[in-house]
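# Just the structure for this:
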Amino acid sequence: MALTPRQKQVLDFLVTYCEGNGYSPSFEEIASGLDLASLATVHKHITALEQKGYLKRRYNESRSIEVSPEYRAAERQRAQQQRSGGFELPLLGRIAAGAPVESIASPETLNFADFAGSEDNFALQVRGDSMIEDHICSGDYVLLQKTATVRDGEIVAALVDGMETTLKRIYREPDGSIRLQPANAAMEPIRVHPDQVRVQGRVLAVLRKYR
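Numbering: from 1, shown residues only. Modelled structure (predicted):
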């Protein structure tokens, strides 16, 4: 159910207070924290929020207000999207790169927070042509997930000898060495000892700008 601006302020105050203190505030503390005129006003807002399902109380117990897990989860997701600059675009159908297919508008959206909504994700701009056969060109942007654990064949950002970072497919060779394989037939792979390479992330997506 919809919230009034003041009801949302009350909910957000409750969440912040509970996370900071480990218990819920008293009516007096709510009134003081939100500059509400009286305890009766606090009671009115708490009752309305309880009726809407945003919180629950254990009667005859002090400091027993609990904000619903659903509201907390929704607010965490919203805050994460704001931090990541997440936004949505309408997904209007599918387009063929081979034979034509019917393109039909749909109510779906593409949420870029699905790609950039994690604090573990970061972006790099590509320089060079070593991955062109994987359709990653110089000037493209790659979105990566921070991780040190990857599977053979994944495209990774790898720091070599603590000096240079390169974008390659990674393979563990039978002799224990690491092969960083370019996707360009004109280039040779980089072969290093495991101690010489540190994986900084795996590629999740590629973004290309045409203008």
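
# doesn't Leu34 make contact with Gln9?
Yes. Counting by C-beta atoms under 8 Å, Leu34 is a contact partner of Gln9 at 6.0 Å. For glycine as for every other residue, the C-beta is placed from the backbone atoms N, C-alpha and C.

# tell me the mean pLDDT for stretch 176-188?
Stretch 176-188 shows a mean pLDDT of 93.

# where along this protein do the strands fall?
Ranges of strands within the chain are 55-57, 65-67, 88-90, 109-111, 121-125, 141-145, 155-160, 164-172, 178-181, 190-192, 197-207, based on DSSP state E.

# For the chain, which helix or strand comes out least confident on mean pLDDT?
Sorting the helices and strands of the chain by mean pLDDT, DSSP states H and E puts strand 88-90 at the bottom, at a mean of 60.

# Who are the contact partners of Glu28?
Residues near Glu28 by C-beta atoms under 8 Å, 6 or more residues apart in numbering: Leu39.

# gap between it and Leu39?
7 Å (C-beta to C-beta, to the nearest Å).

# which residues in the chain form helices?
Per DSSP state H, the chain carries helices over the ranges 5-21, 27-34, 39-51, 69-84, 113-116.

# nearest to Ala186, of those?
Ala186 lies closest, by C-beta to C-beta, to one member of these: helix 113-116, at 31.0 Å.

# Can you add distance to Ala74 and mean neighbour count and give the strands of the chain back as CSV?
Below are these laid out as CSV (distance: least, C-beta to C-beta, whole Å; neighbours: other C-beta atoms under 10 Å):
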stretch, distance to Ala74, mean neighbour count
strand 55-57, 14, 15
strand 65-67, 11, 19
strand 88-90, 16, 11
strand 109-111, 14, 13
strand 121-125, 21, 14
strand 141-145, 24, 18
strand 155-160, 33, 20
strand 164-172, 36, 17
strand 178-181, 42, 18
strand 190-192, 46, 16
strand 197-207, 24, 17
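
# Would you mind saying which of the ones you listed lies nearest Gln77?
Ranking the strands of the chain by distance to Gln77, with C-beta to C-beta as the measure, places strand 109-111 first at 10.5 Å.

# No further questions, thank you.
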